[in-house]
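Show me how the following folds:
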Amino acid sequence: MDRNGLPQRRSIRLRDFDYTRNHAYFVTLCSAERRCLFGHGSEGEVVLSAIG
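Below is the predicted model of the structure:
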């Protein structure tokens, strides 16, 4: 743990990748208790909720 009481985590960033350049990124969001707050999948499509 660090001085703030948080566990030390290793970086998952690629060593030689330039993160300052424009790229497309895949972002995963997880909600508390894995609730479907942002939408759901139906028949191969994503159906967004009002906040999704």
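
phi, psi of the residue positioned nearest the centre of the chain?
Centroid-nearest residue in the chain: Thr28, 3.0 Å away (criterion: Cα atoms, centre = their mean). Note on Thr28: backbone dihedrals following degrees, to the nearest 10 are phi -110, psi 130.

Pull up the gap between it and Gly5, please.
Separation of Thr28 from Gly5 (Cβ to Cβ, to the nearest Å) stands at 26 Å. All C-beta spots, glycine's among them, are computed from the backbone N, C-alpha and C.

do the same with Ala24
Distance, Ala24 to Gly5, by Cβ to Cβ: 36 Å.

contacting residues for Ala50?
By Cβ atoms under 8 Å, 6 or more residues apart in numbering, no residues touch Ala50.

Does it belong to a helix, a strand or coil?
coil (DSSP: H, G, I helix; E, B strand; the rest coil).

Flag the shaky bits of this protein, pLDDT-wise.
In the predicted model of the chain, residues 1-2 satisfy pLDDT under 70.

Now do the strands in it.
39-42, 45-48 (DSSP state E).

by contact count, what packs against the first one?
To tie it back to what came earlier, the one meant is strand 39-42. strand 45-48 (3 or more Cβ pairs under 8 Å, 6 or more residues apart in numbering; DSSP states H and E).

Convert the C-alpha atoms of the strand it packs on to PDB, please.
The C-alpha trace of strand 45-48 is given here as PDB (Å, rounded to 0.1, in the frame of the first residue of the first chain):
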ATOM      1  CA  GLU A  45     -27.600  -4.400 -30.900                       C
ATOM      2  CA  VAL A  46     -26.900  -2.000 -28.100                       C
ATOM      3  CA  VAL A  47     -30.000  -0.300 -26.700                       C
ATOM      4  CA  LEU A  48     -29.000   2.800 -24.600                       C
END
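
Quick check: can you name the pairing partners of it and their directions?
Sheet partners assigned to strand 45-48 using DSSP bridges are listed as strand 39-42 (antiparallel).

which residues are contacting the strand it pairs with?
With contacts defined as Cβ under 8 Å, 6+ apart, strand 39-42 is touched by 46-49, 52.

okay, those residues in a markdown table with neighbour count and distance to Ile12 next?
Compiled in a markdown table, the contacts of strand 39-42 are given as follows (neighbours: other Cβ atoms under 10 Å; distance: Cβ to Cβ, whole Å):
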| residue | neighbour count | distance to Ile12 |
| --- | --- | --- |
| Val46 | 10 | 25 |
| Val47 | 11 | 30 |
| Leu48 | 9 | 27 |
| Ser49 | 10 | 29 |
| Gly52 | 12 | 25 |
